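> One predicted model, sequence on top.
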Amino acid sequence: NAYQIMIKYIHKLFPRGSRVLILGFGREGKSSLRFLKKFVPDIKLGVADANENMEVESIPKVHLHLGQHYLDAISEYDWVIKSPGVKLPEMSKNQLTKITSQTDLFLQIYGSQTIGVTGTKGKSTTVSLIYHLLKQSGKHALLMGNIGLPAFDFIEKIKAETLVVYELSAHQLQYVHHAPHVGLLLNLYPEHLDFFGSVETYQMAKENIFRFQKPDDIAICGPNLQRLPCNPFSELQQEIKLLFDNHITGKELLQLTGLKGDHNLKNILLAAKAVLAVGMKSDKMVAALSNFRPLPHRLEDVGEYSGIRFVNDSIATIPQATIAAVKSLEKVDALILGGFDRGLDYSELVDFLSKSAVRYFFFLGKAGKRMLKLFKEKNTPQQFVLVNNLDEIFEQLKYKAEIHSCLLSPAAASYDQFHNFEHRGDYFKALARKMEE
């Protein structure tokens with residue numbers, strides 16, 4: 001069966017005495033370690049990570065390479081299983097042949113039964129939609145990948161008939177040489193440039209989702225990506241007509257799912273294309289969508305507190321996501337922008353917002369300072385406030401009776417003050433709920 005094929009392959013790849021390094025010991029690295037210790041216990045294992053204070057008691061019989069020079073360990077091993085987010089040093093083509101990853105190992109065995117989804121924004125919502133639709137149609141499906149569920153944790157649950165829904169980040173795709181049977185690229189905007197160095201390198205990583213597909217595999221892409229070898233996306237209304245035979249409108253699709261905005265309507269339609277490609281019937285789709293529940297931190301309605309409706313869109317870490325959020329909501333009185341500055345171009349965002357109905361702007365971090373500077377050049381009547389943290393914003397909201405709606409959609413990463421976008425969104429929600437007190 002599929003499970004035994006994977007184990008046989010791993011034994012062949014890593015024979016007794018092989019030296020295998022797990023590079024990066026986050027969630028996926030820990031998953032790789034559990035997998036290798038269970039199924040190939042007679043190899044020599046190493047773990048390398050920049051964190052020199054990592055807990056070492058939990059990983060006995062593993063050689064550790066911790067701290068500033070952790071990448072030097074690569075030369076000591078036959079194979080390197082690279083975790084997402086670890087930036088490799090300059091390496092020759094010959095050296096790169098020993099670099100692999102969970103994603104590449106997984107796709108080599110299970111690619112033929114995998115729906116892979118990537119894109120700058122909308123990945124988690126779209127894989128959740130696809131997984132939901134497959135489950136509702138009676139398919140045996142598993143959800144994994146960048147959504148926070150390492151692939152190796154699911155190996156023993158995969159059967160021959162299982163459909164795998166795999167969220168793929170650019171980091172996971174960067175060094176792969178295998179592809180999913182159905183590849184879905186939602187969109188492409190400049191992102192993670194601090195890691196990839198250029199827009200071109202980032203896009204090349206994303207496009208790997210198609211690069212290694214076989215002739216009978218299926219490539220689907222979102223709007224404005226027709227230059228790629230994929231099934232093109234037409235206008236929204238045409239797509240709705242094609243997929244649902246005019247039995248439903250875009251507005252009704254959004255109401256069914258609880259999602260907001262044209263960007264999410266595109267995600268619904270792309271998810272529908274993916275499940276149709278693996279055999280789901282279009283007449284079952286509307287009923288299956290009706291009990292979907294959106295993920296948190298994505299235009300999440302937090303509730304109304306002290307007369308202010310709060311919306312948490314902490315997932316918005318690029319300008320295009322914030323533009324989509326403001327377009328999706330009927331009214332935004334106050335908008336919270338900024339955070340960790342990765343050097344993104346904010347000119348389009350500022351142009352859009354300076355002409356919008358938003359009247360109050362709160363700016364956080366170095367990214368916020370840079371946006372504020374661009375806004376001041378516009379000389380608009382809007383009000384701008386630079387703050388040190390979210391707490392200061394909520395102190396000010398108590399005294400602004402004219403604000404009835406407040407949106408957190410920062411167009412920037414959260415790493416200057418928070419662990420991740422979820423941490424930022426949860427803190428925002430907690431502060432909103434305290435308003436009543």
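Arrived safely. Numbers count the residues shown, from 1 in each chain.
> Other residues contacting the helix or strand bottoming out on mean pLDDT in the chain?
Considering only helices and strands, the least confidently modelled element of the chain by mean pLDDT, DSSP states H and E is helix 93-96, at a mean of 88. With contact meaning CB atoms under 8 Å, 6 or more residues apart in numbering, helix 93-96 is reached by I74, Y175. (Each C-beta comes from the backbone N, C-alpha and C, glycine too.)
> And for stretch 296-311?
Looking at stretch 296-311 with CB under 8 Å, 6+ apart, the contacting residues turn out to be 124-125, 259-261, 264, 294, 312-315, 325, 328-329, 332, 397-398, 401, 403-409, 421-422, 425, 428-429, 432-433, 435-436.
> can you give me the helices for the stretch 51-200 of the chain?
With DSSP state H, counting those that start in this stretch as the criterion, the stretch 51-200 of the chain has helices at 93-96, 102-110, 123-136, 170-173, 193-196, 199-211.
> neighbours of L134, just the number please.
The criterion is other CB atoms under 10 Å. On that basis, L134 has 26 neighbouring residues.
> residue nearest the centroid of the chain?
Of all residues in the chain, the one closest to the mean position by CA atoms, centre = their mean is K123, 5.0 Å from it.
> quick one: that one and I130 touch, right?
No - using CB atoms under 8 Å, K123 and I130 do not qualify as a contacting pair, with a distance of 10.7 Å.
> what sits in contact with each of the two?
In contact with both K123 and I130: V117, using CB under 8 Å, 6+ apart.
> Low-confidence ranges, the protein, go.
Scanning the chain for pLDDT under 70 picks out 56-58.
> buried sites along the least confident helix or strand of the chain?
Within helix 93-96, no residue qualifies as buried by neighbour count (16 or more other CB atoms under 10 Å).
> Return the distance of that helix from the chain's centre.
Its chain's C-alpha centre and that of helix 93-96 lie 29 Å apart, by CA atoms, centre = their mean, to the nearest Å.
> if we can go back for a sec, which one of the helices of the stretch 51-200 of the chain lies closest to L163?
Of all the helices of the stretch 51-200 of the chain, the one in closest proximity to L163, counting by CB to CB, is helix 123-136 (5.6 Å).
> What lies in contact with that closest one?
Contacts with helix 123-136, where a contact means CB under 8 Å, 6+ apart, come from 115, 117, 119, 141, 143, 145-147, 163, 165-169, 184, 186, 257, 259, 264, 267-268, 270-272, 274-275, 278, 280, 284-285, 287-289, 291-292, 294-295, 298, 315.
> what's the answer for stretch 212-230, then?
With contact meaning CB under 8 Å, 6+ apart, stretch 212-230 is reached by 119, 176-188, 207, 210, 231-233, 266, 270, 273-274, 277.
> buried stuff in that stretch?
Neighbour-count burial for stretch 212-230 flags F212, Q213, D217, I218, A219, I220, C221, G222, P223, L225, L228, C230 (criterion: 16+ other CB under 10 Å).
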